[in-house]
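Novice: based on what follows, work out the 3D shape:
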Amino acid sequence: MISGDSVHTAGLMATVLVKLELEQDTTYDGSRPEETFLDYREMSDPIFRIDDQAVEFFETQIRKERRRWKVENDGRSRRVLRYSDGVRDILGEVATLRHIQKYAKRVNLPTFKFRDEDAISLTYIPGVRGDTVLDALAANAEKRSAFAAAGAFFSKLKNDLHDVQRLPVNPAISPNKYSVREKLTRDALELVRIAPNPAMSPHNLADELDRLSSEYEALCSQPFRDANPKNCVLKLPKAIDVSRARSDRDYLASMLVSLYRDDANFFGANTFQLDFSGLQTLVPEFDDDVILHTHRSTIWLSRSVTDARRIPWSDKDVLITAFVRHFRLAVRRLFYQIVHSEGYRIRYGHDPSIFYVRILDHVARHLNKASKGNYKNIRLLTSHMLDVALSNLNQDFYEMRRGVAQRVYYDGFLEALA
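Specialist: Numbering: from 1, shown residues only. The predicted structure is shown next:
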């Protein structure tokens, strides 16, 4: 049990020379970056203050495994039973699924059945998640056939997103604006509390985040699809070993290339979209395009297959949108990394915090410039997050305090889609 005033010192005296490579040698608007391509910085690992408040915050606000899933098998078929988690509105999601079925017929959905106000039943899809598909093809991208298959799969994801974005207004849903003010400030201030930075004023940071939240809320006009490639499953034929496909990238890539070569519509017919609860929330116009084109599993395609260049990255509104989206992706991973390192290795071993923090830091630099220096503390925050992401963390305080077994990461639908 960790006492309330426990403090973890992670390599306090160790000084390391860190080499940071920007993900691309150009900025999002195609110009050269202001800073050099290789940014060398000297830093000391920060002190992490892991107390009961930090663990409770992680448990109630961060840990995604709180969501309840159950795979049922009645001897004839397998179905996934997904329960409400207090955030998800089952009635709203059922109404959304029916709306998509009616107006976006190219978007494949698992068959679903309304169980009650607390649960929805979905057909089990034997396959792999979208990011796993792209990772396997990326590992074999030197082969033209793998690159072509990746492009075809990405085109399906993009078309599905745009079909959902063009849906008529759903009269059964009254979406609310994304609660950015609460989540942004709450998560940022707790992060700097457990990973202090003497150069940053929490009060000034809160003021800047509040101002940024106001600008973000003014942009919220479009239902949120959450186009993260993880929110889809590619159904695989029975002849393919699904378990092996999930763990052997070369095997999966070989199978995908073969399937696409034999049927150009393979991805179009077998990609199933999941989790539409976000459509009950309003976000800025480019939110989904930002995450689809700058997710770790898709960004390697951005110079040729994707159309990320059509996103006006020099626009301040787009920078605000990208900041909020990548902050949410980065901060969740950092909390796992600091508080629950074993969970971080299992859940985010192939989707690490450093990728999203680098993009976040890049966006914050340009956002501060576009705002004429009015977001200096936000800029300090992202630089500090970069230091935290590069820290060496060996202890798992969440496991020590809660004793959570690894099985929580493999139960139900999470295992099915791993």
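Novice: show me where the stretch 151-300 of the chain has strands.
Specialist: 176-177, 222-223, 232-235, 271-273, 281-283 (DSSP state E, counting those that start in this stretch).
Novice: nearest to residue 123, of those?
Specialist: Among the strands of the stretch 151-300 of the chain, strand 271-273 comes nearest to residue 123, with 8.7 Å by Cβ to Cβ. In short, each C-beta sits where N, CA and C put it, glycine included.
Novice: return the distance of that closest one from the chain's centre.
Specialist: In terms of Cα atoms, centre = their mean, to the nearest Å, the centre of strand 271-273 is set 17 Å apart from its chain centre.
Novice: so which of the strands of the stretch 151-300 of the chain gets nearest residue 352?
Specialist: strand 232-235 (21.3 Å).
Novice: what strands line up against that closest one, and which way round?
Specialist: Strand pairing for strand 232-235, determined by DSSP bridges: strand 127-129 (antiparallel), strand 271-273 (antiparallel).
Novice: how near is residue 89 to residue 280?
Specialist: Here residue 89 is placed at a distance of 6 Å from residue 280 (Cβ to Cβ, to the nearest Å).
Novice: pick out whichever of those two has more residues nearby.
Specialist: The neighbour count for residue 89 versus residue 280, taken as other Cβ atoms under 10 Å, is higher for residue 280 (19 against 15).
Novice: how is the nearest residue to the more buried one once chain neighbours are set aside assigned, secondary-structure-wise?
Specialist: In this structure, residue 280 finds its nearest non-sequential neighbour in residue 92, 4.8 Å apart by Cβ to Cβ, 6 or more residues apart in numbering. Judged by DSSP: H, G, I helix; E, B strand; the rest coil, the three-state class of residue 92 is helix.
Novice: can I get the strands paired with strand 232-235 in a markdown table including mean neighbour count?
Specialist: Formatted as a markdown table, the strands paired with strand 232-235 follow (neighbours: other Cβ atoms under 10 Å):
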| stretch | mean neighbour count |
| --- | --- |
| strand 127-129 | 23 |
| strand 271-273 | 21 |
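Novice: figure out which of those strands is closest to residue 381.
Specialist: Residue 381 lies closest to strand 127-129 among those, at 30.7 Å (Cβ to Cβ).
Novice: and the next helix or strand after the closest one, average pLDDT?
Specialist: Counting by DSSP states H and E, the element after strand 127-129 in chain order, helix or strand, is helix 130-138. When pLDDT is averaged over helix 130-138, the result is 94.
Novice: touching helix 130-138 from outside, list them.
Specialist: 146-147, 149-150, 153-154, 157, 228-234, 246, 249-250, 252-253, 256-257, 271, 295-298, 300-301, 350-351 (Cβ atoms under 8 Å, 6 or more residues apart in numbering).
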